[in-house]
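Enquirer: pasting a predicted model and its sequence here:
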Amino acid sequence: MAELAVARTYGSALFEAAKELGRIEPIESELAEMLEIFKSDPEFMLFLSSPSISHDEKKEVLHDLFHGQLSGEFLNFMDILIEKGRMRRFEKIASVYTELVNAEEGITAGIIYSAVPLDAGRLEKFEKETSKLLKKNIRLENEIDKSLIGGVKIFADGKMIDASLRARVSALMDTIK
């Protein structure tokens, strides 16, 4: 529970600052970029969250690596997370920020499960169709589900849309019976 409160506090503060500066989307992109870096290099996250390494050393490495690539505002936010020992909460903080952006823009987040990654065009088509079906502005994130033979499953706004091959075969079998 405390972890969620920490994430909500920092995510909300970042969102309010970004909103005030008119930089909501750029900060969201930088959060996503940093999340990808942490996923591809977990050792970097361990370095930034290690209590045995000084705050100054962590910030120096962060600024050396990302100066000119990430905004000053975002690097300052990362400095605060380092100073306060909150780097381990980064993923949850980013999630809270995204939720706030989506709420601000009237977007409902959803997940589309597929057997293989969807390209941007297909993902956009699914977003449009799902938005029309649910009468909401839906933004889908693609996740791979190896158990799917074909088709997709979409979870958005508390609803599951099962357009998988397995569901189609099951419906066909029910019809035949």
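Expert: Okay, I see it.
Enquirer: which residues in the protein form helices?
Expert: 2-21, 24-40, 42-49, 55-66, 72-83, 90-105, 120-134, 165-176 (DSSP state H).
Enquirer: wait, what's in contact with the most centrally placed residue in the chain?
Expert: The residue at the geometric middle of the chain, judged as the C-alpha nearest the mean C-alpha position with C-alpha atoms, centre = their mean, is Ser95 (5.6 Å). Counting by C-beta atoms under 8 Å, 6 or more residues apart in numbering, Ser95 makes contact with Ala7, Gly11. Heads up, the C-betas are built off the backbone N, CA and C, glycines and all.
Enquirer: any idea of the pLDDT on it?
Expert: On the pLDDT scale, Ser95 is placed at 93.
Enquirer: distance of it from Leu35?
Expert: As defined by C-beta to C-beta, to the nearest Å, Ser95 lies at a distance of 9 Å from Leu35.
Enquirer: and what of Phe47?
Expert: Remark: distance between Phe47 and Leu35 (C-beta to C-beta) = 16 Å.
Enquirer: ditto for Asp145
Expert: 21 Å.
Enquirer: neighbour count: those two, which is higher?
Expert: Between Asp145 and Leu35, counted using other C-beta atoms under 10 Å, Leu35 has the larger neighbour count: 16 against 13.
Enquirer: right, and the more buried one touches Glu91 too?
Expert: Yes. In this structure Leu35 lies within contact range of Glu91 using C-beta atoms under 8 Å: 6.5 Å.
Enquirer: to the chain's geometric centre, what's the distance from the helix or strand bottoming out on mean pLDDT in the chain?
Expert: Of all regular secondary-structure elements in the chain, judged by mean pLDDT, DSSP states H and E, the least confident is helix 165-176 with a mean of 78. In this view, helix 165-176 has its centroid 34 Å away from the chain centroid, taken as C-alpha atoms, centre = their mean, to the nearest Å.
Enquirer: which parts of that helix are buried?
Expert: By 16 or more other C-beta atoms under 10 Å, helix 165-176 has no buried positions at all.
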